[in-house]
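Enquirer: One predicted model, sequence on top.
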Amino acid sequence: MASTSGLRSSTPEPTPSKKAAASLAAFTFETPARHPAKSTPVVIDDARLSQSPKSLIDDEQSEDDIEVLRKKFVGEIDLPEREEPLLKESRRRFVLFPIQYPEIWQMYKKAEASFWTAEEMDLSKDLYDWNERLNDNERHFISHVLAFFAASDGIVNENLVERFSNEVQAAEARCFYGFQIMMENIHSETYSLLIDTYIKDQAEREYLFDAIETIPCIKRKAEWALKWISDKNSTFAERLVAFAAVEGIFFSGSFASIFWLKKRGLMPGLTFSNELISRDEGMHTDFACLLFSHLKRRPQPDTIKAIITEAVAIEQEFLTALDYPPFFAYFEKLLSIPAALVDPNIVDLNNQNYDSWSVIAYQRTTVILSELILGVVLIKFIRSTIDPPTQRIISASLFLHPGFLIVDHIHFQYNGFMFGILLWSILMARNGNKLACGVLFAVLLNFKHIYMYLAPAYFIYLLRGFCMTPSGELRIKNFLSLANAVIAVFVVSLGPFILMGQIPQLLSRLFPFTRGLNHAYWAPNAWALITAADRVLLRYVKHTGANVSINVSGVASASRGLVGDTVFAVIPNIRPVHTFIITILFQFLVIISLVNQLHQIWLVKLWFTPTYKSFLTALTLCGYTSFLFGWHVHEKAVLLILVPLSLLAAERHAYFRTFILASIAGVFSLFPLIFTPAESVVKVIYSTLWILIVYVHLSRRVYEFPKSLSYVILDGVEKIYIAGFPFLLVFVGLFPAFLERQRAAQSPMCVPSIALECPGNSANQSETSSAEMEFLPLMLTSVYCAIGLIWGFLRLMFIYLHEESTYQGQLSGLS
């Protein structure tokens, strides 16, 4: 890195938000206004530029009402703004000496001594941290912070050029503004350079550069600042406060988030630039406070408070954007009330990674209590069935499901009670109360939007089974009652956000299409197989020298095995629209063998056979489809398959075999979420005992003797597949030790990647290759589990579309 000026130490003095806050706290509205030294005469230009006699008369008439002025201002309330010493036109504005405002001049000299350039940034180590050490959420947040900064400095400059530099006549202040304009340009260049360095996908880069149009929370911040630039009715003092808020409030939270990276030893280039820029912006905020203290006529405290309050609300929106629908946010708010009583540090937003015993005890207790909803619903399943012993096994298996142990009780999430609401809705469908079924599902959607993947099955089942007669006529009363009930749920949930204009911001966080195709650990779905295939094809091209075009970005993207922009090296890239189309095709159009056999599409079949069992199977298939082909799927979304599939396990042996196969693959796919030695032992033993106990008890009730040779062959292949999981478990457990030995043996040589040969012995290449090898167990886990889950999907789809032939008569009767 180039050396910086001798006037600046390597660590900039801490002046940003804290200094600005201290200046504001020390200043009161009763503080006497500061005036130029009496020994320095002020020469006034009598020739008022651009002011006709009529405008002067109008101005005097507008300020006649002293009472009105007293409500708006403090200080010399009857002083016209053009007579403010800082704003009063004077030919002295063209020369500096003698200095009239020593404090302003000293602030300018301080800014001048802090000069730096974008070329001083060393970003050589940042890319590795960005790709390998930051997680998905951190990259998402930091990229949005950089997007805001890249645009905001330009907005500040527009205000300086169009308004402040023209309005302020004091030469010392103009010097400061001139230097600030230059530094804001350097800030903007730096942030643009950071985005250009970190973000390799052109589409996402353009999305971030256009943030004031594409990202709602940034758009609102920009619109608020631009509003003050164009406001012709506001006073200079009000706009001074507003832009002090822009640089002192809008910037502070984002600066703090980057300082958090420095505390963790990450992104040294970004964090160093953050030190320099935060110092500059703190100085700019201090300068606004200094100019404000020189004004003779100032806005009323309530006016200033309103400006600051509005800015704080917008900044809070930016920093605390929702990732879950409103009902879950309300639930979190409810949990925070007793949490503050247990330990106030739990609810301290700045207390990251706080893991005292009080946090663990509180989270584990609340998870257990919330899952009482799941337990109550499962008991109701037992009491309302014609086969209580079998239902008792299924209910117990669901309540004690390893997925809930791993995701909720060890990973500390609250999925159990939400699946309790889902099962409650399904129970209402089984009991014939379709209105309650629909309302409960609407409530569930407002807790977590991932359940929207199940919505097509609900929509068709309720429309066909509740809102229409068997002959196809609309039941208007039922339709209106269901529609009104569902609308009421959404109004209660989203109403406050609609009134605050927060819906665009909410949607941008709920549907993060700017994130990658794969999650941090590839969910075991179709895209895991395709991503792995891309790795194999890349290896083949490298070894054979085949004349195939290789996407260089894809070599680094997928081989590191982390989320971000999943870019393929050989296979064409997948976009969100592709995943959406494929999901819809599988739900509505796939498996059509003949045009006149529309019952072979499972949602069409549900339309013609709106029974409980048909609904439950179609519901499971909808969850299955979204998991296998959705965009940015989380591994824990496999529970959308396993939970409803459990209710089908005892229907007959074919369903049972599908349930066992999917459960083993699905539960094993969750193992990477828990990686500490003690918890790893718990997850393996618990999951093994669970699957053995469930298998023994259910297999006795649904066993069928093999009916054909193909049945025997398939059964044997499936057993061989299941037998492979212990070997995979051993490999995953032993591979880190093997890799460590390889590193010791080859150090400082590069460790070969699964997809790439080592091109050299540089440290960076060695680090990258090691990271690729570290991901190998996760990749194999994803691929192996994906094979089982996809086979289970094909089995379930075949079973559903080829059973219940008794409904063919209903199909022909309705046509």
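Expert: That came through, no problem. Only a predicted model underlies this, so the values are computations on that prediction, with no experimental measurement involved.
Enquirer: quick one: Ala650 and Phe381, what's the gap?
Expert: Distance, Ala650 to Phe381, by CB to CB, to the nearest Å: 12 Å. (C-beta placed from N, C-alpha, C; glycine too.)
Enquirer: go on, Phe459?
Expert: Taken as CB to CB, the span from Phe459 to Phe381 is 24 Å.
Enquirer: who has more neighbours, the two?
Expert: Taking neighbours as other CB atoms under 10 Å, Phe459 and Phe381 compare with Phe381 leading, 21 against 14.
Enquirer: what about the more buried one, helix or strand, and which?
Expert: According to DSSP states H and E, Phe381 maps onto helix 372-383.
Enquirer: What is that helix packed up against?
Expert: In terms of contacts (3 or more CB pairs under 8 Å, 6 or more residues apart in numbering; DSSP states H and E), helix 372-383 is packed against helix 388-399, helix 415-430.
Enquirer: Contacts only, for Ala396.
Expert: With contact taken as CB atoms under 8 Å, 6 or more residues apart in numbering, Ala396 is in contact with Leu378.
Enquirer: tell me the domain ranges of the chain?
Expert: Following the assignment in the TED database, the chain carries domains at 81-114+123-319, 331-510, 526-742+771-802.
Enquirer: Tell me where the model's unsure across the stretch 251-400 of the chain.
Expert: Scanning the stretch 251-400 of the chain for pLDDT under 70 picks out 316-325, 349-353.
Enquirer: no, scratch that, I was asking about the stretch 51-200 of the chain
Expert: For the stretch 51-200 of the chain, the ranges with pLDDT under 70 are 51-73, 75-77, 81, 93, 136-137.
Enquirer: any chance you could map the strands in it?
Expert: Applying DSSP state E, counting those that start in this stretch to the stretch 51-200 of the chain gives strands spanning 73-75.
Enquirer: How about the secondary structure of Asn573?
Expert: Assigned by DSSP: H, G, I helix; E, B strand; the rest coil, the conformation of Asn573 is coil.
Enquirer: what's the burial count for it?
Expert: Close neighbours of Asn573, defined as other CB under 10 Å, add up to 17.
Enquirer: about what we covered before: just the CA atoms of the helix holding Phe381, as PDB, please.
Expert: Output in PDB follows, covering the C-alpha atoms of helix 372-383 (Å, rounded to 0.1, in the frame of the first residue of the first chain):
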ATOM      1  CA  LEU A 372     -46.200 -27.700  22.900                       C
ATOM      2  CA  ILE A 373     -48.400 -26.600  20.000                       C
ATOM      3  CA  LEU A 374     -47.000 -29.400  17.900                       C
ATOM      4  CA  GLY A 375     -47.600 -31.900  20.800                       C
ATOM      5  CA  VAL A 376     -51.200 -30.900  21.300                       C
ATOM      6  CA  VAL A 377     -52.000 -31.100  17.600                       C
ATOM      7  CA  LEU A 378     -50.400 -34.600  17.400                       C
ATOM      8  CA  ILE A 379     -52.500 -35.800  20.300                       C
ATOM      9  CA  LYS A 380     -55.600 -34.500  18.500                       C
ATOM     10  CA  PHE A 381     -54.600 -36.600  15.500                       C
ATOM     11  CA  ILE A 382     -54.600 -39.700  17.800                       C
ATOM     12  CA  ARG A 383     -58.000 -39.000  19.300                       C
END
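Enquirer: ok, and for it, which residues are buried?
Expert: The neighbour-count check on helix 372-383 (16 or more other CB atoms under 10 Å) flags 373-375, 377-378, 380-382 as buried.
Enquirer: Please identify which of those is nearest to Arg82.
Expert: Ile373 (67.2 Å; CB to CB).
Enquirer: I'd like the distance between that closest one and Gly438.
Expert: 19 Å.
Enquirer: Ala173 too?
Expert: Distance from Ala173 to Gly438, by CB to CB: 64 Å.
Enquirer: likewise Asp343?
Expert: Distance of Asp343 to Gly438, given as CB to CB: 40 Å.
Enquirer: What of Ala311?
Expert: Distance, Ala311 to Gly438, by CB to CB: 42 Å.
Enquirer: Which of the two has more residues huddled nearby?
Expert: Each of Ala311 and Gly438 has its neighbours counted (other CB under 10 Å); Gly438 has more, 26 against 21.
Enquirer: Could I get the buried residue list for the longest helix belonging to the chain?
Expert: Longest helix in the chain by number of residues (criterion: DSSP state H): helix 709-746. For helix 709-746, burial by neighbour count (16+ other CB under 10 Å) applies to 718, 721, 725, 728-729, 732, 739, 746.
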